[in-house]
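Undergrad: using only what follows, build the 3D model:
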Amino acid sequence: MPIHIVGWGALGGTGTRERPTPGLSLCMIVRDEEALLDACLSSACAVADEICIADTGSTDRTLEIARAYGAKIRQIPWTDDFSEARNASLEMATRTWVLFLDADEVLEPQGHQLIRAIAASEPARIGFNLRCVNEIDEHRGGGETSHLVLRLFPNHPELRFVQPLHEYIFDPTSPLAGGVIRGTTIDATIRHRGYLKRFVEGRNKRERNLAIARAAVERHPEDPFHWYGLGQSYGFAGRRDEAVEPLERMRECAGPDDRRGIIAHGLALLGEIYANQGKHQIAEERARDALRRAPGYPNGSFALAIALRGMGRQDEAVEAYRAAYRGEQDLAKFAVVDDQICTWKARCELGVYLAELGRLDEAVDEMAAGVARAPEVMAARINYAHVLEKAGRLEQAEGTFSEAFKRHPVIDSALQHVNFLLRRGRREEALRFVESAIGRVATDRERHGLHEARAQLCALEAASALERLTAGIAAAAAPQGVAATQGALPEGLVDALREDRWADAADVLLRQAAEGIEEDRLRVLCAYRLGERDIRANGLLAAVSARPSDHVVRVAQAVCRAEPAGPPPAHLQAAVALLATRLLLHGRKDEARRVADAALAVHA
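TA: I've put the predicted structure just below:
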C-alpha cells in the first residue's frame, strides 16, 4: 500500500496537548474498519496535520491502513464507553484544533477550505457544528437523515468528551445545559455510511448501543439526554413501539422550557409513533410541543400532518404537510432532521392524501414535484404511478410503473407493474412481463417469488379456460355418460359439470377411487373452480399431488393438451398452475418446475 501524505500545513511540530502547535489533529477511534477506513482518511488528509487513532482491538487490516497515512496509534481496551475511548485519542493530539471523525464517515471536500482557515486561526472557547448526513437504505434510491455534530473544536486540556453513548464535548466554563461547549454551525458536511445494512449487519451495533443506553439511564435517571439516547437506540434497532417509554421519560425530565434540538426531535418521533399506532390526539400534542420548541421543524410538521390526517382534519393536515416541506429553507438551524421529509416524503404523502380526497390535479402536482426532486426513490415513483392511475392518466401511469422497474429491477417494482396490468384486465401482458422480469432481478429469493407470481397468474388465466374445458366435457356427454381416456366418467359427474354444481362434482370425484389421468385432470380443474380455500379443493389437490411424479406430469400434460377448437396454448398451460402452486407450498420446488415444464412442452 502506498504511503499517503497527510496534512496541508507544516508536517513537523513538537507540541503537546497542554501546549499544542498550530494546525489540526484528526482524532478517531477504530476497530476492524478495513472496509471503510481508507475512504475516511483519504477524505480528511487534506486538512489534517496529524492523525491520532485509538484502536480498541482490531484484528483485520485497520492498523496497516492507518499506518499508511502516517497515523499515530494507541491501542486501548473497549469498556462500553465511547467518551472514554474518544478521550484516549484526544490525549494524543498536539495541534491547536481537533477534528473528530468516525471510520464510517467521509468529510466532503466543499468544506476543506473553511476548515483549513479555522485551523489556521487562534483558537477560542468555541466549537463548530458540521452537518452529518446519514445514508440509510430504508427507501430504495433515497433515504437520508441529518443532524448537527460538533466535531471541530480547540485542543484545550479542559475540553473532554462525556457520556458513554451520544457523547459530546464538555466545557466546564460553558453556561449551556450539561456543560456543552458553545458552538456555531459552519458550511461543512460529513457523510455517514454506518447505518447502511451492509455495514450494520453482523456487527451487533444495535444491541451494543441498547446495552450502553440502558446502563446510562440507570446511572443518570433524571437526565433527559440519556432517555433520548435510549429512545433513539430502540428506533435504530427497528423497535419503535419500545421507544415510547424512554422518550416520554425524556419529555418529563426535560421540562417545558428545554429547547435543545434533541428534545424537539424526540417529541416529533413520539408524535409519529403515536400517530402510526392510531393514537392521534396524543400524537398531535407531542408534535405541537416539538414545533413550540423548534418552530418550523420539518419532523414536527410531518408528525402533525399524520396525526391530523388520522383525525379527518383535512385542511389542517394538508397545510401541515406543506409546512413540512417548506421547512427546507431553514434546514441548517435544526439539530436533527429527516432531510427526506423536505425532499420528497411530505410531498408524496400529501399527494397520496389529496388523491384520497378526490383532489386529483393537486395530487398529481405534488407527486410530480416530489419525484422530480428525488428521481431515484422507488417508493416515490410508485406512489406517483398510483396517483396517476387514480386520476385516469393511464398511459402516464403505465410508463411510470415501467420506469420504476427499469431503475429498480426488484420484485416489489415488478409486482407493482404486474398488478397495474391486471387491474386493466391485461393478464397475458402481465404474464409476459413476469416472465421477462425473472431474468432481471438479482437474487434467488426474488426469482423464486416471481416464479410463484407466474404460477398465480397462470391460475388466474385458467379461470376462463376452465369454463371452456368443462363446458366442452358437458356438451359432449350423452345421457349414459361419455368415454374418457381411461374409462367412463364417474356417474353424476357430467350433470354436475353441465349445471355448474362444482361442489357436487367435487364430492363425486372425492368418493371415486379411480386414479386415471382423466379423473385427476378433472380433479385439478374442479379444485381451481372451487378455490384453494375450499376444503374439498384441498382434498382433490392432495389426492393428485400424492401420485407418483411421472403421473402428476402426465396429468399436467393432459390438462394442457389442445383440441382443435380449444383455447390458445397459454390458457391451456394455465390450467396446471394451481397444482404447481400446491407443490411449491409444500417445498417441492423441483416437482413443481417439472410439472410446469411439461405443460409448456405440450405446445413447444
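
Undergrad: pLDDT weak spots in this protein?
TA: With pLDDT under 70 as the threshold, the chain has low-confidence stretches at 1-13, 137-144, 195-204, 459-491, 532, 561-575, 585-587, 599-604.

Undergrad: 50 instead?
TA: 1-5, 7-12, 139, 141, 473-487, 562-569 (pLDDT under 50).

Undergrad: strands along that one, start to end?
TA: For the chain, the strands defined by DSSP state E occupy 21-30, 50-55, 72-75, 95-100, 105-107, 127-135, 144-154, 160-162, 168-170, 183-192, 336-337, 483-484, 487-488.

Undergrad: and the closest residue to Ile282 other than its chain neighbours, how far is that from Ile306?
TA: Nearest non-adjacent residue to Ile282, counting by C-beta to C-beta, 6 or more residues apart in numbering: Tyr274, 5.1 Å away. To be clear about C-beta, it is placed using only N, CA and C from the backbone, and glycine gets the same treatment. Per C-beta to C-beta, to the nearest Å, Tyr274 is found 9 Å from Ile306.

Undergrad: correct me, but the residue nearest to Ile282 touches Ala268?
TA: No - the pair Tyr274 / Ala268 is not scored as a contact, 10.9 Å apart, by C-beta atoms under 8 Å.

Undergrad: what touches both of the two?
TA: Residues within reach of Tyr274 and of Ala268 at once, by C-beta atoms under 8 Å, 6 or more residues apart in numbering, are Arg286.

Undergrad: between these two, which one's more packed in?
TA: Ala268 (30 against 23; other C-beta atoms under 10 Å).

Undergrad: who are the neighbours in contact with that one?
TA: Going by C-beta under 8 Å, 6+ apart, Ala268 touches Arg286, Ala287, Ala290, Tyr297, Asn299, Gly300, Phe302, Ala303.

Undergrad: likewise for Val337?
TA: For Val337, the contact set (C-beta under 8 Å, 6+ apart) comprises Thr145, Ser146, His147, His265, Tyr297, Pro298, Asn299, Leu331.

Undergrad: if we use 10 Å, what do you get?
TA: Neighbour list for Val337: 131, 145-148, 261, 264-265, 268, 294, 297-300, 327-328, 330-331 [criterion: C-beta atoms under 10 Å, 6 or more residues apart in numbering].

Undergrad: Pro256 now?
TA: Asp289, Arg292, Arg293 are the contacts of Pro256 under C-beta under 10 Å, 6+ apart.

Undergrad: restricted to helices, list those.
TA: Those of these mapping onto helices are Asp289, Arg292, Arg293, per DSSP state H.

Undergrad: out of these, which is nearest to Ala374?
TA: Closest approach to Ala374 among the ones in helices among the contacts of Pro256 (C-beta to C-beta): Arg293, at 28.3 Å.

Undergrad: any figure for the gap between the closest one and Gly392?
TA: Distance of Arg293 to Gly392, computed by C-beta to C-beta: 44 Å.

Undergrad: and those two? which has more neighbours close in?
TA: More crowded of Arg293 and Gly392, by other C-beta under 10 Å: Arg293, with 21 against 9.

Undergrad: my guess is that one contacts Asp257. True?
TA: Yes - between Arg293 and Asp257 there is a contact under C-beta atoms under 10 Å: 8.6 Å.

Undergrad: overlap in contacts of those two?
TA: Joint contacts of Arg293 and Asp257 (C-beta under 10 Å, 6+ apart) are Ile263.

Undergrad: picking that back up, so for Glu245, which of the strands of the chain sits nearest?
TA: strand 336-337 (20.0 Å).

Undergrad: can you give the strand pairings for that closest one, parallel or anti for each?
TA: For strand 336-337, sheet partners with direction are given as strand 144-154 (antiparallel), following DSSP bridges.

Undergrad: could you pick out the buried ones from the contacts of Val337?
TA: 131, 145-148, 261, 264-265, 268, 294, 297-300, 327-328, 331 (16 or more other C-beta atoms under 10 Å).

Undergrad: walk me through the domains of this structure.
TA: Following automatic domain parsing, the chain resolves into domains at 21-200, 342-442, 474-601.

Undergrad: now the end-to-end length of stretch 368-388.
TA: With C-alpha to C-alpha, to the nearest Å as the measure, stretch 368-388 spans 10 Å from end to end.

Undergrad: now that stretch: buried residues?
TA: Judged by neighbour count (16+ other C-beta under 10 Å), stretch 368-388 contains these buried residues: 369-371, 373-374, 377-388.

Undergrad: try stretch 285-293
TA: Buried residues in stretch 285-293, counted by 16+ other C-beta under 10 Å: Glu285, Arg286, Ala287, Arg288, Asp289, Ala290, Leu291, Arg293.

Undergrad: stretch 582-594 now?
TA: Across stretch 582-594, burial judged by 16+ other C-beta under 10 Å covers Arg582, Leu583, Leu584, Arg588, Glu591, Ala592, Arg594.

Undergrad: wait, Val217 sits on Leu247?
TA: No - using C-beta under 10 Å, Val217 is not in contact with Leu247; the gap is 11.8 Å.

Undergrad: mutual contacts of the two, please.
TA: Between them, Val217 and Leu247 share the contacting residues Trp227, Tyr228, Leu230, Gly231, judged by C-beta under 10 Å, 6+ apart.

Undergrad: thinking again about what came up before, now the ones in helices among the contacts of Pro256 as TSV including distance to Ile212?
TA: TSV is the format used below for these (distance: C-beta to C-beta, whole Å):
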residue	distance to Ile212
Asp289	28
Arg292	31
Arg293	26
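
Undergrad: good, we can wrap up now.
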